[in-house]
Structures are given as structure tokens and as C-alpha cells.
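Chemist: need the 3D shape of this:
(2 chains)
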Amino acid sequence: EAGVAQSPRYKIIEKRQSVAFWCNPISGHATLYWYQQILGQGPKLLIQFQNNGVVDDSQLPKDRFSAERLKGVDSTLKIQPAKLEDSAVYLCASSRDTRAYEQYFGPGTRLTVT
Amino acid sequence: AQKVTQAQTEISVVEKEDVTLDCVYETRDTTYYLFWYKQPPSGELVFLIRRNSFDEQNEISGRYSWNFQKSTSSFNFTITASQVVDSAVYFCALSEELRGADGLTFGKGTHLIIQP
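Modeler: This is a model prediction of the structure:
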């Protein structure tokens, strides 16, 4: 079974530029999550989707971050405009449903904002 | 609000020693779930275990064991006879699963170094 796929793996941009990350979850997984992991810290949830609907985006900085999950499969996370403090690894995870089933994580996208 | 504390920032032991990673959590819910994940140098988080709040039985899986104590709000992880391949950052995480929102709250992680 293929795991969670993410691209790109690395991205370097200048502050105030925009960037987008892509995630393809494990086949059949209804729930998709985006996390931000700053160096030396644990991942922090940004947004959770159930199929193509948003379940929780309470920690998403909505003035600059946006995410969508069209057709309930792939998802994109966008940052516009980026700030220096957005430098982090962005992790995508999926699980078969809600009710706190185990989440499977992708390799992440390492973003550096200069 | 939920919170996970991993007080040990870094632990270094010699191969074959036993090591315990501590995890203390805070939650107001009676139904919640606890997890441990491993993050090796490659960076990908690997699921190790999931426990719900109603199951306090300790669990053993090979060299790994977990001790869940609701009385002290702790969910500790022990590696027996450690190996160099166990070197990684280990995260404890909590989910309250409220109305379908079951995102994980992670601790800051414990960096485990196993020296040969």
C-alpha cells in the first residue's frame, strides 16, 4: 500500500512570496491533516479535512494560509505572503476516519523563507 | 485545553541499556486517545501505538512497552535492550476527538541517542 505522498520535498522562497504544497493521502483515507513542525518542536495541527469538508481550522493563520481538498482526495496548502517565521516542515497525514484512528504521515516539505 | 509534556529533551544511553521516555498529559475530557510516534533522522513520523482512555492495560510489543496510568496522567514508553537503530526523536501525542475533530496535540519530543 502506498504511503502519503507530498511534494515538493524542499522549497526556498523569499519573504512575501507565495508557495503551495501538495499532498496525496493513502487511498481510501477519508481524513486528511496538515501540520507545521518548526525545528526542535513537535508538529502543530493547522487544519483537518473530512472528505472535502473542513473539520478544524482553529489554528490556521487564515490571513496568510489557505488549504483545500477538492474531490475529497488530494489537498493543497498555500502560504501567501510568506514570513520568515513560516520556515518549517509541513507535514501531511491521513487516517481512515475520525475517532482518533492512527494517522500516517508523509515525508514532509521543508520550507525555508529568506 | 489539552497539553502534552515531555520533560526529557535528550537522553543518551549505551546500547543494550533499558531506557524510559516520560509523557505527561492534560485534558478535561474523559474520552481521549494517546499516541507515540518515532521520528528517525530521515524525518518521517512513524506510528508506534494508540491507546484510548478506557484501556489502562500495559502493552508490550517486542522490546517496546508502554505504561498508562490515569491516576498520574502519564503514558510512559520503555525500550528494553536498546539498539543503535532506536536513535530518533520520540513524540507523545494526545487527541480528544470532539465532534470529529481529532487532530493530535504533540509534546516537544525526546531525542534519544543510543551509543554503540
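
Chemist: for the chain, name the helix or strand with the lowest mean pLDDT.
Modeler: Just going to use chain A. Counting by mean pLDDT, DSSP states H and E, chain A has its least confident helix or strand at strand A:53-56, which shows a mean of 93.

Chemist: ah, I was thinking of chain B
Modeler: strand B:59-61 (a mean of 89).

Chemist: around chain A, which positions in chain B sit nearby?
Modeler: Those residues of chain B that sit near chain A, judged by Cβ under 8 Å from any Cβ of the partner chain, are B:4, B:32-33, B:35, B:37, B:42-47, B:50, B:52, B:91, B:93, B:95, B:97, B:100-109. All C-beta atoms are positioned from the backbone trio N, CA, C, and that covers glycine.

Chemist: in strands only, show me those.
Modeler: Using DSSP state E, the subset of the residues of chain B next to chain A located in strands is B:4, B:33, B:35, B:37, B:46-47, B:50, B:52, B:91, B:93, B:95, B:105-106.

Chemist: in three-state terms, label the residue of chain A found nearest chain B for me.
Modeler: Here chain A gets closest to chain B at one residue, residue A:42, 3.0 Å apart by Cβ to the nearest Cβ. Secondary structure, DSSP: H, G, I helix; E, B strand; the rest coil: residue A:42 is coil.

Chemist: contacts only, for the spatially most central residue of chain A.
Modeler: Closest to where the C-alpha atoms of chain A average out (Cα atoms, centre = their mean) is residue A:34, at 3.0 Å. Residues near residue A:34 by Cβ atoms under 8 Å, 6 or more residues apart in numbering or on different chains: A:23, A:45-47, A:67, A:75, A:77, A:90-92.

Chemist: mind doing that once more with 7 Å?
Modeler: Contacts for residue A:34 (Cβ atoms under 7 Å, 6 or more residues apart in numbering or on different chains) come out as A:46-47, A:67, A:77, A:90, A:92.

Chemist: what about those residues, which one has the most neighbours?
Modeler: For the contacts of residue A:34, the largest number of neighbours (other Cβ atoms under 10 Å in any protein chain shown) sits with residue A:92, at 26 neighbours.

Chemist: can you list the weak-confidence ranges in chain B?
Modeler: Counting by pLDDT under 70, chain B contains no low-confidence residues.

Chemist: tell me which residue in it sits closest to chain A.
Modeler: residue B:106 (3.0 Å).

Chemist: can you get me a residue count around residue 76?
Modeler: The chain I'm using is chain A. Other residues close to residue A:76 by other Cβ under 10 Å number 14.

Chemist: let me rephrase: I mean chain B.
Modeler: 18.

Chemist: hang on, the earlier thing: between the contacts of residue A:34, which sits nearest residue A:15?
Modeler: residue A:90 (16.6 Å; Cβ to Cβ).

Chemist: give the contact list for that closest one.
Modeler: Neighbour list for residue A:90: A:21, A:34, A:36, A:77, A:108-109, A:111 [criterion: Cβ under 7 Å, 6+ apart].

Chemist: burial measure for the closest residue in space to residue A:65 that isn't next to it in sequence, as a count.
Modeler: In this structure, residue A:65 finds its nearest non-sequential neighbour in residue A:79, 5.6 Å apart by Cβ to Cβ, 6 or more residues apart in numbering or on different chains. Per other Cβ under 10 Å, the neighbour tally for residue A:79 reads 22.

Chemist: many thanks, have a good one.
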